[in-house]
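# Sequence and predicted structure, then a few things I'm wondering about:
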Amino acid sequence: MLLLIGPLGLQLLLTHSFHWYFTSALPRSLLAAYPLFMLGVVLDRRVRYFVLPVVLFILLYSKLPHKELRFIISSVPMFNLSAAVAASRIYNNRKKTLWKLYNFILLGLLLISVGCTAVSFMASYENYPSGHALKELHQNVGDVSDNRPNIGSYRYLFSHEWNITLLYSKEESIPLKEYKQRNFTYLVSEHSSVDGYECLFSVNGFSRILLQHGFPPVALVKKPKVYVHGDGKVMDIKWRGCS
């Protein structure tokens with residue numbers, strides 16, 4: 001039994017502009033803490049001695065064309081420290097006339113951060129369709145394998161849970177017409193149709209965010225992201241289909 005895992009969403013390394021860390025990565029990761037950390041640098045000069053080396057570190061990394069948040073993730077705690085200093089100063093002075101406005105803005109930023117975190121969590125939860133596809137595939141194949149003579153098991157990846165033998169191929173850039181020639185039993189890919197194979201089931205994944213009236217004001221829109229196909233040898237299993 002062979003299983004092909006296609007290059008789902010695999011892309012070439014992308015390059016970003018010099019300012020990407022400061023205008024995209026850090027604002028999305030820090031949320032409300034991003035403007036607060038800049039305010040903290042202004043309000044307390046002691047914070048500058050901690051934040052300045054971190055900013056210089058990010059500037060050096062910004063010269064690299066390929067950028068990822070994980071490259072500078074170690075800098076986030078220091079920015080949070082500066083943001084905490086600003087939040088503490090605002091809260092302690094909240095009874096003063098001008099600081100009341102700052103405190104109101106602070107509460108608004110915190111609420112926005114909580115909302116963005118909740119939406120990001122839900123989107124992330126729905127963003128692993130290939131894992132759900134593999135789990136359902138192994139469950140169905142495992143149920144059939146339990147009723148057949150035991151021919152041994154390779155206990156690796158997910159197959160150890162169902163005592164089945166699966167040989168995996170993660171080879172990329174295989175033309176669609178060659179799938180059948182290579183005698184793959186199952187295909188897990190982003191292709192909705194493959195010649196010589198029948199679509200067994202599909203798995204939805206996160207597509208976009210939809211703003212709507214009522215509660216909740218934000219909804220996640222999902223659409224099929226992963227399709228599992230099988231050859232004629234697996235039609236003795238009842239699949240839910242791709243409709």
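Looks like it came in fine.
# gap between the spatially most central residue of the chain and Leu220?
Nearest to the mean C-alpha position of the chain, by CA atoms, centre = their mean, lies Ser124 at 4.8 Å. Using CB to CB, to the nearest Å, Ser124 is found at 11 Å from Leu220. Every residue, glycine included, has its C-beta placed from N, CA and C.
# still on that earlier bit, show me what the helix or strand hosting the residue nearest to the centre of the chain is packed up against.
For Ser124, the element it lies in under DSSP states H and E is helix 97-125. Contact analysis of helix 97-125 by 3 or more CB pairs under 8 Å, 6 or more residues apart in numbering; DSSP states H and E lists helix 33-43, helix 76-92, strand 198-211, strand 218-230 as its packing neighbours.
# what do you get if the cut-off is 7 Å, keeping everything else the same?
helix 76-92, strand 218-230 (3 or more CB pairs under 7 Å, 6 or more residues apart in numbering; DSSP states H and E).
# helices or strands next to the longest one in the packing?
It refers to helix 76-92. Helix 76-92 packs on helix 26-30, helix 33-43, helix 45-61, helix 97-125, going by 3+ CB pairs under 7 Å, 6+ apart.
# Looking at those helices, spot the one closest to Lys177.
Smallest distance to Lys177 across the helices and strands packed on helix 76-92 (CB to CB): 35.1 Å, for helix 97-125.
# tilt between the closest one and strand 198-211?
Orientation of helix 97-125 against strand 198-211 (axes from the mean of the first three to the mean of the last three CA atoms, to 10 degrees) gives an angle of 170 degrees.
# buried ones in helix 97-125?
Buried residues in helix 97-125, defined by neighbour count with 16 or more other CB atoms under 10 Å: 99, 102-103, 106, 109, 113, 122-123.
# shaky segments in the chain?
The model of the chain has pLDDT under 70 over residues 1-14, 142-165, 232-236, 243.
# Now do Ile206 against Val221, distance only.
Actually, residue 206 is Phe rather than Ile. With CB to CB as the criterion, Phe206 and Val221 are 8 Å apart.
# what about those two, which has more around it?
Counted by other CB atoms under 10 Å, Phe206 and Val221 do not tie: Phe206 has more neighbours, with 18 against 11.
# Surely that one is in contact with Ala123?
Yes: contact criterion CB atoms under 7 Å: Phe206 and Ala123 qualify, at 4.7 Å.
# Mind listing the shared neighbours of those two?
Taking CB atoms under 7 Å, 6 or more residues apart in numbering as the contact rule, Phe206 and Ala123 both touch Leu220.
# that older thread, make a markdown table from the helices and strands packed on helix 76-92 and add distance to Val188 to it.
Formatted as a markdown table, those follow (distance: least, CB to CB, whole Å):
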| stretch | distance to Val188 |
| --- | --- |
| helix 26-30 | 30 |
| helix 33-43 | 38 |
| helix 45-61 | 36 |
| helix 97-125 | 20 |
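# closest one to Ala84 among those helices?
helix 33-43 (7.5 Å).
# Give me the angle between that closest one and helix 45-61.
Using the same axes, to 10 degrees: helix 33-43 against helix 45-61 is 130 degrees.
# Now do the buried residues in helix 33-43.
Applying 16+ other CB under 10 Å to helix 33-43 flags 33-37, 39-41 as buried.
# now stretch 61-69
62, 67.
# And for it, what's in contact with it?
Contacts of stretch 61-69 (CB under 7 Å, 6+ apart): 13, 15-16, 18, 20-21, 25, 29, 71-72.
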